[in-house]
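**Student:** Output the structure for:
(chains A and B)
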Amino acid sequence: DTGVSQDPRHKITKRGQNVTFRCDPISEHNRLYWYRQTLGQGPEFLTYFQNEAQLEKSRLLSDRFSAERPKGSFSTLEIQRTEQGDSAMYLCASSPAGSGTDTQYFGPGTRLTVL
Amino acid sequence: AQKVTQAQTEISVVEKEDVTLDCVYETRDTTYYLFWYKQPPSGELVFLIRRNSFDEQNEISGRYSWNFQKSTSSFNFTITASQVVDSAVYFCALRGPGGSYIPTFGRGTSLIVHP
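**Tutor:** Purely as a prediction, here's the structure:
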């Protein structure tokens, strides 16, 4: 049983460039979440999908951020015109449906550094 | 609004010592769920435990134990006979009933176990 995978693990980019991250959830999980984590903080929610539908977005998700999950499987998170403040660890998590089975399982994260 | 407080930023112990990580939460919901995750240096959050608000029974899993007390809104985590491999950041999280199942995380406690 493979866990949640994320690609790339590390990304270094220059300010103003666009970046895209990919998340592959656990295969039978229909919920997928994106979080951002900065140093010394817990994960902060960004957005959430149930199957292919994006159901909730945080106020943290500015208009430079967009996420997709076109076929209800893998998801991508794109950041346009990156800023130094975007430097963080971006975490993806997945969970099955149902309130009794909502434990989220996390991937290894993508560490973004914006120079 | 929900809030999770992990007042201990960093704890340093010597191997074989017992250590307790504190978690205090705030919520107006009568039904809620509490979680603990471990984040080792590799970065991936590892699920440890999920507890619902109607189950105040303490739980033990090997060297790990959890003490849930609704009267003090606390969900503390104890590691008995700590080992170097326990060194990690530990996060407590809380979510309310239904909806998008998005937890609120505390800021984490960094545990350092010295040999």
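**Student:** which sections of the chain are below the confidence cut-off?
**Tutor:** In the absence of a named chain, chain A is used. Within chain A, the segments meeting pLDDT under 70 span A:1, A:98-101.
**Student:** To clarify, I was referring to chain B.
**Tutor:** In chain B (pLDDT under 70), the answer is B:98-100.
**Student:** one more time with 80, if that's ok
**Tutor:** B:1, B:98-101 (pLDDT under 80).
**Student:** near chain A, which residues of it show up?
**Tutor:** Selection of chain B residues close to chain A by Cβ under 8 Å from any Cβ of the partner chain yields B:4, B:9, B:33, B:35, B:37, B:42-47, B:50, B:91, B:93, B:95, B:97-98, B:100-103, B:105-108. Bear in mind the C-beta positions are built from the backbone N, C-alpha and C, glycine included.
**Student:** same thing but 6 Å
**Tutor:** B:43-45, B:47, B:50, B:91, B:100-102, B:105-108 (Cβ under 6 Å from any Cβ of the partner chain).
**Student:** if we take those residues, which one ends up nearest to chain A?
**Tutor:** Within the residues of chain B next to chain A, proximity to chain A (Cβ to the nearest Cβ) peaks at B:Phe105, which comes in at 3.1 Å.
**Student:** For the residue nearest to the closest one when sequence neighbours are not counted, give its distance to B:Lys3.
**Tutor:** Of all residues not flanking B:Phe105 in the chain, A:Gly42 sits nearest, at 3.1 Å (Cβ to Cβ, 6 or more residues apart in numbering or on different chains). Counting by Cβ to Cβ, to the nearest Å, the gap from A:Gly42 to B:Lys3 is 12 Å.
**Student:** More neighbours: which of those two?
**Tutor:** Counted by other Cβ atoms under 10 Å in any protein chain shown, A:Gly42 and B:Lys3 do not tie: A:Gly42 has more neighbours, with 22 against 12.
**Student:** element containing that one?
**Tutor:** Using DSSP states H and E, A:Gly42 is not contained in any helix or strand.
**Student:** I'd assumed B:Tyr90 was in contact with it.
**Tutor:** No - with contacts counted by Cβ atoms under 6 Å, A:Gly42 stays clear of B:Tyr90, the gap being 10.4 Å.
**Student:** Quick check: neighbours shared by the two?
**Tutor:** Taking Cβ atoms under 6 Å, 6 or more residues apart in numbering or on different chains as the criterion, A:Gly42 and B:Tyr90 do not both touch any residue.
**Student:** all strands of chain B, in order?
**Tutor:** B:3-5, B:10-14, B:19-21, B:24-26, B:33-39, B:46-52, B:59-61, B:64-69, B:74-79, B:88-95, B:104-105, B:109-114 (DSSP state E).
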